[in-house]
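>>> I'll drop the sequence and a predicted model, then ask my questions.
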Protein chains: 2
Amino acid sequence: MARVVVDVMLKPEILDPQGKAVHGAFGRLGFDGVADVRQGKRFEITLDGEATDERVAEIRKAADTLLANPVIEDYTLHVENGQEDAQ
Amino acid sequence: MARVVVDVMLKPEILDPQGKAVHGAFGRLGFDGVADVRQGKRFEITLDGEATDERVAEIRKAADTLLANPVIEDYTLHVENGQEDAQ
């Protein structure tokens, strides 16, 4: 079963209050040397079977309509075959 | 300026209601062939200067304490040097 990962982030010019809050917490907890933090969403979509071009195109269409708001968000999409090793 | 990306996902054994909701929407909008959807958080952390081992270790510590809840979440961390091309 192939997996498609869609990462959705706010466009750079859009203010990211969540990212700002995390950035502030970094400073308060003594983690310095951090210039900026942006927070977004990650979708891991497991397909039935292989990631054919048609299926990836369908997922891209879903990302455009369902997962990301094209007015304020950008997304990147990539196919993963093996399981990513978790931390 | 280097960038460290931390992807935080719920552990596989933890129910993901947001992922279930998105999965349901996939079906209603006619995107079939999707076995499962998991939703998580993505943090893009821009560092002042280079991503030295010490700094990455600090970000890992911040991920353990601030970005992920180790009881229910796993995270992966990787360093990006170039800017990822947005969609």
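Arrived safely.
>>> going forward, measure contacts and count neighbours with C-alpha atoms only.
Fine.
>>> after the biggest helix by length in chain A, next one along is what?
Longest helix in chain A, counting residues (DSSP state H): helix A:17-28. Counting by DSSP states H and E, the next helix or strand C-terminal to helix A:17-28 is strand A:34-47.
>>> and that following strand, what other elements does it pack with?
With contacts defined as 3 or more Cα pairs under 8 Å, 6 or more residues apart in numbering or on different chains; DSSP states H and E, strand A:34-47 has these neighbours: strand A:3-10, helix A:17-28, strand B:34-47.
>>> Now with 10 Å, please.
Under the contact criterion of 3 or more Cα pairs under 10 Å, 6 or more residues apart in numbering or on different chains; DSSP states H and E, strand A:34-47 touches strand A:3-10, helix A:17-28, helix A:53-62, strand A:73-80, strand B:3-10, helix B:17-28, strand B:34-47.
>>> mind checking which of these is nearest B:Val79?
Distance to B:Val79, taken as Cα to Cα, is lowest for strand B:3-10 among the helices and strands packed on strand A:34-47, at 4.4 Å.
>>> Let me see the mean pLDDT of the longest helix of chain A.
For helix A:17-28, mean pLDDT is 95.
>>> same deal with stretch A:72-86?
In this model, stretch A:72-86 has an average pLDDT of 78.
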